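In: Generate a structure from the sequence data that follows.
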Amino acid sequence: MARSINQVILLGRLTRDPEQRTTSTGKTIASFSIAVDRVGQDDSADFFNVTAWEKLGDLVMQYLAKGRRVLVQGRLRQDSWDDKETGKKRSSIEITATDVTFLDGPSDGGSNASASSNSSSAPKSDDVVIEDIDDKPIDLSEIPF
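Out: Residues are numbered from 1 along each chain as shown. Okay, the predicted model is just below:
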């Protein structure tokens, strides 16, 4: 039997400063939005709303601000509701982050940090950030396995 997968990875820039709120049960949530440039299209981007819960959300609030580059890993979540004013069915899709990698520092763009909801993973000092990825096809004969 096939297993379902719901995973998304996005690299973009924050379009606004993160906002934090607390649920009625006391859990904290950080919300922010990122813009992801469309490859090959001038001045065009897709915008995504992201939520980060508890410890991950606290780290987002502490280190991120509008304009910062981030790599977000998480899952898609869709909500549906009836609009009370118009009576029409409404829906939205947002990303629930499981990992957020901070790709540049607040001012110099040189530091990298990672925040994860999995407390057992620690940032590695030998991580490599690829700045420019071309759209050339992959030559399968160059793969060593």
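In: residues touching the most centrally placed residue in the chain, list them.
Out: Taking C-alpha atoms, centre = their mean, the centroid of the chain lies closest to Val72, which sits 2.5 Å from it. The neighbours of Val72, taking C-beta atoms under 8 Å, 6 or more residues apart in numbering as the test, are 8-12, 34, 48, 50, 95, 97, 99-101. Any C-beta I mention is one placed from the backbone N, CA and C, and that applies to glycine too.
In: Just name the closest of those residues to Lys136, please.
Out: Comparing the contacts of Val72 against Lys136 with C-beta to C-beta places Leu11 closest, at 18.7 Å.
In: Could you find the closest non-adjacent residue to that closest one?
Out: Spatial nearest neighbour of Leu11, chain neighbours left out: Leu71 (4.9 Å); criterion: C-beta to C-beta, 6 or more residues apart in numbering.
In: Stretch 10-23: end-to-end distance?
Out: Stretch 10-23 has an end-to-end distance of 26 Å (C-alpha to C-alpha, to the nearest Å).
In: Only the buried residues of it, if you could.
Out: Leu10, Gly12, Arg13, Leu14, Pro18 (16 or more other C-beta atoms under 10 Å).
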